[in-house]
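[1] need coordinates for the below:
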Amino acid sequence: MPEVSLYRRLLATLGFFTLAAGDFWRFLLSWWGWGAIVAVLLVLAVIELVRERFDVRRMPVTLLAFLALILVSVAWSAYQGWTAVAVVATLVTTTFGIFLGAAFDLRTLLRCLGSALRWILALSLVFELVVSLVIRRHVLPLFPAPGIDYADVHRIPAAFYWSRDLLLSGGRIQGIVGNANLLAFAALLALLVFAIQFAARSASRFWLGFWIIIAIGVLALTRSGTVLVAAAAVLLVGAFLIILRRTTGRARRVTYLGGATAVVLGGAVAVLAHGPLLEVLGKSDTLTGRTHIWQTVLHYAAQRPAAGWGWISYWVPTIPPFDDPAFTIKGVQYSQAHDAWLDVLLQLGVIGLVVFGLFVLATLVRSWALAIRSRPVGDVVDVFPLLVLVLLLVHSIAESRMLIEIGFALLVICSVLTARHESARTAPRDPVPVGR
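    Okay, the predicted model is just below:
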């Protein structure tokens, strides 16, 4: 692929930043301001796709099937207007994901994603430092989320603050995204990107080492149990890939057998010793109220098991069934099922679960095929789609972020990019001319 222009790289970087730090724009400029930025990015991305002469028929079938399903779910939705809005939002995210997956090679994509994540980490640390040294108190968003009343500041749950001034007291920082778990996810994603770039020697190793330390520091300051589990999974799969990419034939089969054994043993340990493991992660037996939410979600999913209540991605807390008091814990009304798969089951039923599962599985299979290519054929950066999918899948067990913004965009990017690589690999080559 030819050198990508500076303009395209800047567009991709700003897009990644907005996808990963949408709350920053919403807190700073309101939902309308964020919407204006998204609209501009969408128009520019569509223009670039047209210039790229992207053919929609080249899109993965499973991705098209999932998008078709959420679109037709408007017909049976219990909240048709909101489903229409959610479909538009998902299509916007998908469009930008297609642009990123179709118009960039992996090295350039990592370069743009890494730049966006550096801005998020750096701004988050500076923001928290200013709050602790200058402001010295809790900070609310400049524009509150819909339905949040600032009239009685003493009754506002801690989760609604932009920053809680915890940097110097050893608490969990929230950064510019206003949420410790979201900041931790960004830090882990950054650590993955920087580590791959370090191994690929695609940038200054000194500065990559510096940013790796920053990412690890932010992970330590956020202390997200879910993200730490995802980090362990990514590390183990990464180590397995290093061994696998250096083997062929019988040695590779033995490596596969060893990996499968390790997965079974690891799963058994996780089940048998879940109590001590939760204590280490600082979680209660209810996983910070998640099990209560899961039970309620399953209750409503059982009422519409086949096709669900209708696509909505991020919940609207003012409409049934999302206004159920069971979804409010310690004054905070939750806007997700805290499990992407249960969320899909609730919104699209068993049909949606199967279609979404096939979409993820197809992307995973292509990503695996790309990642295990032996040297010298395989490039180090080829492991990124698989490792980011591992991150998303483990994270999806306790969070629904894989269905919105950066989570869904990364899923679309991996789907489109791996399909592109597969097409290039299987396309018939031009015959070699004989003689003149």
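[2] helices and strands of the chain: which one bottoms out on pLDDT?
    helix 274-280 (a mean of 54; mean pLDDT, DSSP states H and E).
[3] check which element follows that helix along the chain.
    Counting by DSSP states H and E, the next helix or strand C-terminal to helix 274-280 is helix 290-301.
[4] any regions of this protein where pLDDT drops low?
    1-3, 146-154, 266-267, 269-289, 374-378, 424-436 (pLDDT under 70).
[5] helices along the stretch 151-300 of the chain, start to end?
    180-200, 205-222, 225-244, 249-272, 274-280, 290-301 (DSSP state H, counting those that start in this stretch).
[6] and if you look at the stretch 1-150 of the chain?
    Under DSSP H, counting those that start in this stretch, the stretch 1-150 of the chain gives helices at 6-20, 22-52, 61-72, 80-102, 106-130.
[7] what about the first one, distance to the chain center?
    What that stands for is helix 6-20. 16 Å (Cα atoms, centre = their mean, to the nearest Å).
[8] ditto for the longest one
    Helix 22-52 sits 18 Å away from the centroid of its parent chain (Cα atoms, centre = their mean).
[9] which secondary structure elements does that helix contact?
    Under the contact criterion of 3 or more Cβ pairs under 8 Å, 6 or more residues apart in numbering; DSSP states H and E, helix 22-52 touches helix 6-20, helix 80-102. C-betas here are computed from N, CA, C, even on glycine.
[10] chain center to the last one, what's the gap?
    This means helix 80-102. 15 Å.
[11] in that helix, what's buried?
    82-84, 86-87, 89-90, 92-102 (16 or more other Cβ atoms under 10 Å).
[12] now the angle between helix 6-20 and it, please.
    Going by axes from the mean of the first three to the mean of the last three Cα atoms, to 10 degrees, helix 80-102 is angled at 140 degrees with respect to helix 6-20.
[13] who are the packing partners of helix 80-102?
    Helix 80-102 packs on helix 6-20, helix 22-52, helix 61-72, helix 106-130, helix 405-426, going by 3+ Cβ pairs under 8 Å, 6+ apart.
[14] burial measure for the closest residue to Ala203 other than its chain neighbours, as a count.
    Among residues not flanking Ala203 along the chain, Gln197 sits closest, at 5.2 Å (Cβ to Cβ, 6 or more residues apart in numbering). The number of residues packed near Gln197 is 25, by other Cβ atoms under 10 Å.
[15] mind listing what Gln197 touches?
    Residues in contact with Gln197 (Cβ atoms under 8 Å, 6 or more residues apart in numbering) are Leu110, Arg111, Gly114, Ala203, Leu208, Val381.
[16] which residues in the stretch 301-436 of the chain form helices?
    340-371, 384-395, 405-426.
[17] quick one: residues contacting Thr222.
    So Thr222 contacts Arg172, Ile173, Gly175, Ala180, Asn181, Leu183, Ala184, Ala187 (Cβ under 8 Å, 6+ apart).
[18] which among those end up buried?
    Counted by 16+ other Cβ under 10 Å, those give Arg172, Ile173, Gly175, Ala180, Asn181, Leu183, Ala184, Ala187 as buried.
[19] tabulate the residues you listed (JSON lines), appending distance to Ile37.
    As requested, those are exported to JSON lines (distance: Cβ to Cβ, whole Å):
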{"residue": "Arg172", "distance to Ile37": "28"}
{"residue": "Ile173", "distance to Ile37": "25"}
{"residue": "Gly175", "distance to Ile37": "19"}
{"residue": "Ala180", "distance to Ile37": "24"}
{"residue": "Asn181", "distance to Ile37": "23"}
{"residue": "Leu183", "distance to Ile37": "20"}
{"residue": "Ala184", "distance to Ile37": "24"}
{"residue": "Ala187", "distance to Ile37": "23"}
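[20] between these, which is closest to Tyr300?
    Asn181 (24.0 Å; Cβ to Cβ).
[21] leaving out chain neighbours, which residue sits closest to the closest one?
    Ser224 (4.7 Å).
[22] give me the neighbour count for Val56.
    8.
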